[in-house]
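Enquirer: Fold the following.
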Amino acid sequence: MTTFVRMIDKLTTVQWGFIGCGEVTEKKSGPAFSLIEGSRVVAVMSRTKEKARSYAERHNIPRWYTDPQELIDDPDVNAVYIATPPSTHATYAIMAMKSGKPVYVEKPLSSNYEECGRINRISEKTGVPCFVAYYRRYLPYFQKVKEMIRKGDIGTVINVQIRFAVPPRDLDYNRTNLPWRVQPDIAGGGYFYDLAPHQIDLLQGMLGPIIEAKGYSANRGGLYETEDSVSACFRFAGGLPGSGSWCFVAHESAKEDRIEIIGNKGQICFSVFTYQPIALHTERGREEFVIENPPHVQLPLIKQVVEHLQQKTICTCDSVSATSVNWVVDRILGKL
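Expert: Modelled structure (predicted):
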């Protein structure tokens, strides 16, 4: 996967401002910023005054705002974390980069492929990096899968299959107040656009870039307007074929979170969201590996981002590498 690493002036202490303080910031990401040496959170922003104030008070953050530009202009803020829905990612990332402040943005990079290009052009023009929260790349669980492939535990990889099915969430039945994740103008699509990027990003990191993708999507449950069932085929640069199926209105009995990587000497099976034991099937039989992840799952990636800004290491989980994921999901949904 091609990526371009941009270096800016060294930051001894990375002082973060959060744009957005929703669910993801409570445990997955937010606390991790203060657990890393030379990193702390100094400001938070939400358009809802009470939400911003409550988050700041509960997490001992000194300042809060209701205007994103005011947070970006705060002289104590030298890096910005964007934890808002995808439709606003490009706007806020570009605002921050034009102010000379590095960005760490939630996935997917944007709600469509074209806006990813805008982000990359501004990052290139300003020399300010934009990192993307594909944190699963750095978790021990997925590092183990990648290592097994690299070591040749299943020989040459010959096929890849993704299968994902879950029942509707309770909120999906509330037509007067649907979750933003099923509103395409905000999310880019339905739950597929929220969850499949993690799966696609991991597979590209393990097996190389996907260069062809085609899909068929439908709304079968009728709970909301956007797609709730997707089937796709794709091909990696080396010729490896893959396929996937996703259903977000399945019966409980069909619930599944599984990726199968099939080789000529065995098979690796693992999950992306439930972290079931990794299963290795070879001529030796079935072996299972239980791999623990940190309680704040974004910690390993955020540590890489902080140390990149401190010029201690290089973090390649940037907007250029993330753009290919948007290209794949947009191709599958027929947006390109």
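
Enquirer: C-alpha from now on. contacts and neighbour counts both.
Expert: Fine.

Enquirer: now residue 313, what's its secondary structure?
Expert: Recorded secondary structure, residue 313: coil (DSSP: H, G, I helix; E, B strand; the rest coil).

Enquirer: and the helix of greatest length in the chain, which residues are buried?
Expert: Ranked by number of residues, the top helix in the chain under DSSP state H is helix 191-207. Within helix 191-207, the residues scored as buried using 16 or more other Cα atoms under 10 Å are 191-204, 206-207.

Enquirer: where does the chain have its least confident helix or strand?
Expert: helix 23-26 (a mean of 91; mean pLDDT, DSSP states H and E).

Enquirer: Skip ahead from it and say which helix or strand is next.
Expert: strand 39-45 (DSSP states H and E).

Enquirer: Could you list every helix and strand in contact with that following strand?
Expert: Counting contacts by 3 or more Cα pairs under 8 Å, 6 or more residues apart in numbering; DSSP states H and E, strand 39-45 is packed against strand 14-19, helix 49-58, strand 63-65, helix 68-73.

Enquirer: now for those, which one comes closest to residue 35?
Expert: Closest approach to residue 35 among those is made by strand 14-19 (12.1 Å; Cα to Cα).

Enquirer: Now do the closest one: distance to the chain's middle.
Expert: How far strand 14-19 lies from its chain's middle: 19 Å, per Cα atoms, centre = their mean, to the nearest Å.

Enquirer: what do you get for stretch 18-35?
Expert: On Cα atoms, centre = their mean, the centre of stretch 18-35 falls 14 Å from that of its chain.

Enquirer: just stretch 113-120 next, same as before
Expert: 16 Å.

Enquirer: Buried residues, it. List them.
Expert: Applying 16+ other Cα under 10 Å to stretch 113-120 flags 113, 115, 116, 117, 119, 120 as buried.

Enquirer: Show me how the record splits this structure into domains.
Expert: 14-135+297-318, 140-292 (automatic domain parsing).

Enquirer: ranking the ones you listed by burial, who's on top?
Expert: With neighbours taken as mean count of other Cα atoms under 10 Å, the domains of the chain reach their highest mean count in domain 14-135+297-318, at a mean of 20.

Enquirer: And it, end to end?
Expert: Separation of the first and last residues of domain 14-135+297-318 by Cα to Cα, to the nearest Å is 17 Å.

Enquirer: same deal with stretch 59-74?
Expert: 19 Å.

Enquirer: What lies in contact with that stretch?
Expert: Contact with stretch 59-74 is made by 17, 19, 41-49, 52-53, 55-56, 77, 80, 92, 95-96, 99, 101, as judged by Cα atoms under 8 Å, 6 or more residues apart in numbering.

Enquirer: Where does pLDDT dip in this protein?
Expert: 1-8 (pLDDT under 70).

Enquirer: Okay, helices next: where are they in this structure?
Expert: 23-26, 49-58, 68-73, 89-98, 113-126, 140-151, 184-187, 191-207, 299-309, 319-332.

Enquirer: and of those, who's closest to residue 273?
Expert: helix 191-207 (8.9 Å).

Enquirer: Now do the closest one against helix 140-151, angle only.
Expert: 40 degrees (axes from the mean of the first three to the mean of the last three Cα atoms, to 10 degrees).

Enquirer: re the thing from before, quick one: which of the buried residues of helix 191-207 is nearest residue 106?
Expert: residue 194 (10.5 Å).

Enquirer: pretty sure the closest one contacts residue 110?
Expert: No: with contact defined as Cα atoms under 8 Å, residue 194 does not reach residue 110; the gap is 10.6 Å.

Enquirer: quick revisit: any chance of the helices of the chain in a markdown table, plus distance to residue 11?
Expert: Shown next, in a markdown table, are these (distance: least, Cα to Cα, whole Å):
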| stretch | distance to residue 11 |
| --- | --- |
| helix 23-26 | 23 |
| helix 49-58 | 24 |
| helix 68-73 | 16 |
| helix 89-98 | 15 |
| helix 113-126 | 17 |
| helix 140-151 | 27 |
| helix 184-187 | 33 |
| helix 191-207 | 28 |
| helix 299-309 | 6 |
| helix 319-332 | 20 |
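
Enquirer: and residue 268, which of these is closest to it?
Expert: helix 140-151 (7.7 Å).

Enquirer: by contact count, what packs against that closest one?
Expert: Helix 140-151 packs on helix 191-207, going by 3+ Cα pairs under 8 Å, 6+ apart.

Enquirer: ok now the helix it packs on, how far from the chain's centre?
Expert: With Cα atoms, centre = their mean, you get 8 Å for helix 191-207.

Enquirer: what sits up against it?
Expert: So helix 191-207 is contacted by 1, 107-108, 134, 136-137, 142, 146, 149, 181-182, 187, 210, 227-228, 230, 236, 246, 248, 272, 322, 325-326, 328-329 (Cα under 8 Å, 6+ apart).
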